[in-house]
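Participant: Kindly generate the corresponding structure for this input.
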Amino acid sequence: MEYRRLGRTELEISVIGLGTMTWGFQNTQEQGFEQMDYALEQGINFFDTAEMYAIPPTEKTFGTTESIIGNWFASRQNREKVILASKITGPGLPWIREGKSFIDRKNIIQAVEGSLKRLQTDYIDLYQLHWPNRGSYHFGQVWDFAPAFDVQAEEENFLEVLQVMQDLIQAGKIRHIGLSNETAWGLTKWLQIAQQNNMPRMASIQNEYSLLCRHFEPDLSEIALHEDCGLLAWSPLCRGLLSGKYLNGALPEGSRLSLDSRADFRSSAQTDAAIKKYIDLARQYEIDVCQMSLAFVNGRKFVNSTLIGATNMQQLKSNIDSILLALPDDVYSEIENIRREYPMLY
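Facilitator: Numbering: from 1, shown residues only. Below is the predicted model:
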């Protein structure tokens, strides 16, 4: 396994990070335990979760993934071996704090206390804001994204959030903080306000990033690199689309898309065409297309960790082994050619 420093913190996190959101819906607790055991054996020390998991999000499954991780900590007595990340939910889900999950002092304190209890731990290494209060272009909203908000109110909220995070750090309940599903304006503003007020600094930004979704480039990647606020890349296989299993409208039984009733904004004729190109490229070089896709993300300089997710051990093992794959320069060149042909898919 390879390791990279998380932002400007003292933490060295595995380049392959373990995503956990399927545990409690697609995966049982026993399967979650098996995945965590194996990942730790392979040198993965970075686990990412959130209070709203399992996915797809429902009132019934809220908090179940954190509870599974907490039960694993209690069973294995190995909390110190894991760098643990979790998140507070942003606004929009009616069953979380009575639909009033605006990210502010009151809700952060409630969310942290709830997560600590479910995780059966005294501290969270990286506490993240799952998405901004003001909204963003993520989750398929890029085509209609039209930012409109009160800048002063946002800046006042940012300062309030940083102040409560500082209090929680001083209390030993969290160690570092990070963002998720943020924009370039948001990231720079968070860093600016923290510096101006001598407050905790955002250590990372967790956004979607894959061969099919490269909105992080070029502006956010420039900030991530030169402000030491690296990317934690979620959905590096684009919900499994890059495997090819969903081509031409296929919905394999038991697959994530067959179980998730939410609108699938990623699938289209253009997406299928791009996926076929990437599959052909992988075959040309006798590489597994999923490992090629993950190796591409692993190799980006602005990435701190690639967050993999798997519903069975075969997938998990293959995904982890992507750390061993060094892509030839010709593969990178062909990837860029495909990107130029299909520059923005969703």
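Participant: just checking, next helix/strand downstream of the longest helix anywhere in the chain?
Facilitator: Taking DSSP state H as the criterion, the chain has its longest helix at helix 151-170. Downstream of helix 151-170, the next assigned helix or strand under DSSP states H and E is strand 174-180.
Participant: Run the chain-centre distance for that next one.
Facilitator: Its chain's average C-alpha position is 13 Å from that of strand 174-180, according to Cα atoms, centre = their mean, to the nearest Å.
Participant: Tell me which residues touch M292, please.
Facilitator: 278, 281-282, 285, 325, 327, 331 (Cβ atoms under 8 Å, 6 or more residues apart in numbering). For the C-beta atoms, the positions are set from N, CA and C on the backbone; glycine is no exception.
Participant: Secondary structure element holding it?
Facilitator: Per DSSP H and E, M292 falls inside helix 289-298.
Participant: And for A274?
Facilitator: helix 269-284.
Participant: Check which helices and strands the longest helix of the chain sits against.
Facilitator: Contact analysis of helix 151-170 by 3 or more Cβ pairs under 8 Å, 6 or more residues apart in numbering; DSSP states H and E lists helix 105-119, strand 124-129, strand 174-180, helix 184-197 as its packing neighbours.
Participant: Nearest to V289 among those would be which one?
Facilitator: strand 174-180 (26.7 Å; Cβ to Cβ).
Participant: so M202 touches L191, yeah?
Facilitator: Yes - using Cβ atoms under 8 Å, M202 is in contact with L191, at 6.2 Å.
Participant: Mean pLDDT per helix and strand in the chain: which one sits at the bottom?
Facilitator: Sorted by mean pLDDT, DSSP states H and E, the helices and strands of the chain end with helix 256-259, the least confident at a mean of 73.
Participant: Not counting its own residues, what contacts that one?
Facilitator: Residues outside helix 256-259 that contact it (Cβ under 8 Å, 6+ apart): 22, 25-26, 56, 239-240, 246, 251-252, 264, 267, 311.
Participant: tell me which residues in stretch 93-113 are buried?
Facilitator: Buried residues in stretch 93-113, defined by neighbour count with 16 or more other Cβ atoms under 10 Å: 93, 96-97, 101, 103, 107-108, 111-112.
Participant: okay if I get these as JSON lines plus distance to G17?
Facilitator: Shown next, in JSON lines, are these (distance: Cβ to Cβ, whole Å):
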{"residue": "L93", "distance to G17": "24"}
{"residue": "I96", "distance to G17": "24"}
{"residue": "R97", "distance to G17": "27"}
{"residue": "S101", "distance to G17": "25"}
{"residue": "I103", "distance to G17": "23"}
{"residue": "N107", "distance to G17": "26"}
{"residue": "I108", "distance to G17": "23"}
{"residue": "A111", "distance to G17": "21"}
{"residue": "V112", "distance to G17": "21"}
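Participant: Would you mind checking which of these is nearest to Q166?
Facilitator: Closest approach to Q166 among the buried residues of stretch 93-113 (Cβ to Cβ): I108, at 11.3 Å.
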